[in-house]
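*Asks:* quick one, what's the 3D model for this:
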Amino acid sequence: MVASARQWHSGGVHQDPPPPEKVAETAAALAELLDALHGRGMESLPGGPVPPSQLRALRAIERSEGINLRALAEALGTRPPATSRLCDRMEADGLVRRTPSASSRREVELWLSPRARRVLAEIRSARVRELQEVMQTLPPDSLAGLSTHLGSLQAAIEQRLGSSSATDSQTEESDAADPGTGESGAGEQESSAA
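*Replies:* As a prediction, the model looks like this:
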């Protein structure tokens, strides 16, 4: 790195900041460990485990209550037919409700049910408990740094998700203006990424 690069302080030693790629690799590894840690607590939920695809969809709906099927599919990275089947299952399980859209007769809006809100709250509580046990093993100065930096990371991720939602809305509006962009692939399987 060039001499003018910003210096950062670590344990009394000034060092060049690590490259973003290295930090991203560490964060990705941490995300995988967190998934494994949280997966252990899913079986003990009062209502039973929630499949990961449904959990991702519930969180997306929670972030954008009243979201339509196309926007949800884009948020999940799946095709609308697969997302529709996923919503059918969640509606049958009492997790979501669909209402006609006020802006288009062809669209429905997706809303969380009270049961879904309880499930999400239970999952978050279980995750906080798991992490609290881990955090109690860290020294106080590490906790102070984590608190600051994790808050910054959370804000950056929320901004990225918000920007993604805004882009999805613009794409949806342009699709609505172009009637030639119909939905296809009704026979496609639900993506495993859901």
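*Asks:* and for stretch 134-144, what's in contact with it?
*Replies:* 37, 146 (CB atoms under 8 Å, 6 or more residues apart in numbering). C-betas here are computed from N, CA, C, even on glycine.
*Asks:* state the mean pLDDT of it.
*Replies:* What stretch 134-144 shows for mean pLDDT is 87.
*Asks:* mind checking the end-to-end distance for that stretch?
*Replies:* Here the two ends of stretch 134-144 are set 15 Å apart, with distance taken as CA to CA, to the nearest Å.
*Asks:* where does the chain have its least confident helix or strand?
*Replies:* strand 8-10 (a mean of 50; mean pLDDT, DSSP states H and E).
*Asks:* where in the chain is pLDDT low?
*Replies:* Judged against pLDDT under 70, the low-scoring parts of the chain cover residues 1-14, 40-48, 163-194.
*Asks:* which residues in it form helices?
*Replies:* Along the chain, the segments classed as helices by DSSP state H run 20-42, 52-63, 69-76, 80-92, 114-135, 140-177.
*Asks:* which parts of the fifth one are buried?
*Replies:* Within helix 114-135, the residues that qualify as buried are 116, 119-120, 122-123, 126, counting by 16 or more other CB atoms under 10 Å.
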